[in-house]
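[1] from the sequence below, what's the structure:
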Amino acid sequence: MKYLLLSIALLVGLSSCTYHNNDHDHPTVYKSDYTTFVYTISPNNWIDGGELLFSEINAPELTNDMLKYGYFITYINIGSDDNPIYSELPQTLFFADNEGVPYTLEMYPTYKNNTVRIEYFDTHPTNKQFPDKSYSFRTVIISDPYVINGLKNNEISREYESVIRTMNELTIDNKQIILD
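    Presented below is the predicted three-dimensional model:
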């Protein structure tokens, strides 16, 4: 009888419990997870690799897991420092030399463990063109699965402002669990 009363008391006591996932009775809000690297490559930071030039940027957030499961977008500033315009790489820039010979500069990002590498190719027909100015870049490393799927399915624009706005506005509510 004693055990029966104790069991009934515990059953009644525990069945009236309510669990909230935080102290303020609000859902937990998670922000999208991403990292942005901002860097400038000056003319003397390029390494001559034969057919191309390249520069490597230290990025410790690019771990093996991030390389396997994350998503990366690198942008070049084709505007000015005061009025930046970010355009996604790869990027082709059109120029003409002093004699009016047209050529292009092409920049491609590659990613490996702890490193973002920017590769620089020129198509000048006679003279290799070395950078004569600094270029500013932003690499966005995304680990949020919702954003990654949206980018892969073209539901989210890859334009820089759109990506950043989506990640800053996206919240995922963890609803309260009530045990009654």
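[2] low-scoring stretches of this structure, by residue?
    Along the chain, segments meeting pLDDT under 70 span 1-33, 170-180.
[3] surely residue 77 meets residue 86?
    Yes - with contact defined as C-beta atoms under 8 Å, residue 77 reaches residue 86; the gap is 5.9 Å. C-beta: built from backbone N, CA, C; applies to glycine.
[4] now do the contacts for residue 119.
    Counting by C-beta atoms under 8 Å, 6 or more residues apart in numbering, residue 119 makes contact with 49, 52, 53, 54, 107, 108, 109, 110.
[5] what are the neighbouring residues in contact with the fifth one?
    Going back to what we said before, that points to residue 107. 76, 89, 90, 91, 93, 118, 119, 120, 121, 135.
[6] at 10 Å what do you get?
    Shown in contact with residue 107 (C-beta atoms under 10 Å, 6 or more residues apart in numbering): 41, 52-55, 74, 76, 89-93, 118-121, 131, 135, 137.
[7] swap in the last one?
    The neighbourhood of residue 110, defined by C-beta under 10 Å, 6+ apart, consists of 54, 56, 72, 74, 116, 117, 118, 119.
[8] farthest pair within these?
    Greatest spacing in the contacts of residue 110, by C-beta to C-beta: 54 and 72 (16.6 Å).
[9] and the helices in this protein?
    All helices of the chain, identified by DSSP state H, fall at 2-15, 64-69, 145-152, 160-169.
[10] which parts of stretch 43-63 are buried?
    Of all the residues in stretch 43-63, those buried under the rule 16 or more other C-beta atoms under 10 Å are 45, 46, 52, 53, 54, 55, 56, 57, 59, 62.
[11] list the buried residues in the longest strand along the chain.
    Ranked by residue count and defined by DSSP state E, the top strand of the chain is strand 102-112. Along strand 102-112, these residues count as buried under the neighbour rule (16+ other C-beta under 10 Å): 103, 105, 107, 109, 111.
[12] what does stretch 85-92 give?
    For stretch 85-92, by 16+ other C-beta under 10 Å, it's 86, 89, 91.
[13] next: stretch 144-153.
    Counting neighbours by 16+ other C-beta under 10 Å, stretch 144-153 gives 144, 147, 150, 151 as buried.
[14] can you name the two of the contacts of residue 119 that sit furthest apart?
    Longest span within the contacts of residue 119, C-beta to C-beta: 49 and 109, 15.0 Å.
[15] and the buried residues of strand 102-112 as a markdown table, adding distance to residue 165?
    Output for the buried residues of strand 102-112, formatted as a markdown table (distance: C-beta to C-beta, whole Å):
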| residue | distance to residue 165 |
| --- | --- |
| 103 | 36 |
| 105 | 29 |
| 107 | 25 |
| 109 | 22 |
| 111 | 23 |
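[16] between those residues, which is closest to residue 68?
    The closest of the buried residues of strand 102-112 to residue 68 turns out to be residue 111 (C-beta to C-beta; 11.2 Å).
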